[in-house]
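Q: just coords:
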């Protein structure tokens, strides 16, 4: 025929009824009739029952007992207008799909032609066996989809509407609901427990540029064996710039944070304002020594960088009040300033209780690790468990630090006893 137009007498007029029972089918065969299956994938479907009814340009069918590795699915499909694939209409309904991490790892490799990320694979193994249901209807660039996923960790339900946008772009509008998902088990941390989430996301993708707006509500999350409720997050992303806001209405953690981040340069820039109306440090797990440990105040941060060694900017703490079972301490204003690059480190603190200045050519990680052990030796009350032990640098480390240049630290203690008592009850400075 030479081209699709001359082939139309066959594609639109010749009806076929095909049934395969208990058959082995390769994914490369299906890629010719099911959009989205890459030709290079090497996946064998075993023991499949398949039906195909209609013409090449208008067909439907059923998939039964489709098994590959640990994945099994059942569903129906219908496709119209496949000769113009960009405008082809499809209806895919998979009410039952079960799988496991080993199978997903293999499928991801076949579809992506590269090794999946190890961290993601580890999370999939922790998630256990999964059950999914998928429904998608529309054209390649204009369709609606519903996804429901369940595992031993909990359930997730998502809906999405995909449509065309200007400049060959894609517009998306979706929602997600998470019901009692064991987030801590998924991330392999004991700090987090179950979480409930209601989220909405909409935006566009065009010419490699992403613009998006989202709102997330967290009705409940377990953190450090305590339950927190009524947390709300909203954010907008446009041209590598993020504007966001977080509000927590939980009685044990009442706060609001608003800020923006400029991600256009290699060193991101941040401008954040945090208002803490009530943070119960005992409930949060940061201070278990005192049953009453509450902090309030404001924090304003304007900085750039990705880690302490390249962080530049200021952090201002205002109206900080700490309340314990024995006292209430107001620290007044504190200003922390950082000016750092690979060759030079500068960090200063200005406050009513103490002023400090640190200058060095060493990384903060090296210096703080050294100071932490020295402080434990001279102030044992700060140490917990087996962390109190002498720290002695060997000759090679001493020589290396000497070659790197000296470090200078200046401390002027003013009225520090009340502030020190926040961290070590009963501790005082002479």
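A: Yep, that arrived. Since the model is a prediction, treat every value here as computed from it, not as a measurement.
Q: quick one: mean pLDDT for stretch 80-98?
A: Here stretch 80-98 scores 88 as its mean pLDDT.
Q: chain center to it, what's the gap?
A: How far stretch 80-98 lies from its chain's middle: 31 Å, per CA atoms, centre = their mean, to the nearest Å.
Q: now do the end-to-end distance for stretch 203-214.
A: Start-to-end span of stretch 203-214 (CA to CA, to the nearest Å) is 9 Å.
Q: any idea which helix or strand in the chain has the lowest mean pLDDT?
A: helix 395-404 (a mean of 49; mean pLDDT, DSSP states H and E).
Q: list the helices and strands the next helix or strand after it packs on?
A: The C-terminal neighbour of helix 395-404 among helices and strands, as given by DSSP states H and E, is strand 408-413. If contacts are counted by 3 or more CB pairs under 8 Å, 6 or more residues apart in numbering; DSSP states H and E, strand 408-413 sits against strand 354-360. From N, CA and C alone the C-beta is placed, and that goes for glycine too.
Q: any idea how far residue 263 lies from residue 286?
A: 30 Å (CB to CB, to the nearest Å).
Q: same thing with residue 111?
A: Counting by CB to CB - residue 111 and residue 286 are separated by 44 Å.
Q: neighbour count winner among these two?
A: Neighbours per residue, other CB atoms under 10 Å: of residue 111 and residue 286, the larger number sits with residue 111, 16 against 12.
Q: buried ones in the strand or helix carrying the more buried one?
A: Under the criterion of DSSP H and E, residue 111 resides in helix 101-112. Residues of helix 101-112 classed as buried: 101, 103-108, 110-111 (neighbour count, 16 or more other CB atoms under 10 Å).
Q: so which of those residues comes closest to residue 290?
A: Of all the buried residues of helix 101-112, residue 290 sits closest to residue 101, with 43.3 Å by CB to CB.
Q: contact partners for that closest one?
A: 121, 124-125, 127 (CB atoms under 8 Å, 6 or more residues apart in numbering).
Q: can you pull the pLDDT of it?
A: pLDDT, residue 101: 86.
Q: and for residue 245?
A: 96.
Q: pretty sure it is in a helix, no?
A: No: counting by DSSP: H, G, I helix; E, B strand; the rest coil, residue 245 is not part of a helix but strand.
Q: that one and residue 298, how far apart?
A: 15 Å.
Q: swap in residue 314?
A: 14 Å.
Q: pretty sure residue 168 is touching residue 206, no?
A: Yes: the criterion here is CB atoms under 8 Å, and residue 168 meets it with residue 206 at 7.1 Å.
Q: more neighbours: those two, which one.
A: residue 206 (14 against 9).
Q: could you point out which element follows the helix or strand where residue 329 lies?
A: Assigned by DSSP H and E, residue 329 belongs to strand 328-341. Next helix or strand after strand 328-341 toward the C-terminus (DSSP H and E): strand 344-351.
Q: same for that following strand, what does it pack against?
A: Packing contacts for strand 344-351, counted by 3+ CB pairs under 8 Å, 6+ apart, involve strand 328-341, strand 354-360, helix 364-378.
Q: skip the chain neighbours and tell me the closest residue to residue 128.
A: residue 152 (4.4 Å; CB to CB, 6 or more residues apart in numbering).
Q: which residues touch that neighbour?
A: By CB under 8 Å, 6+ apart, the neighbours of residue 152 are 127-129.
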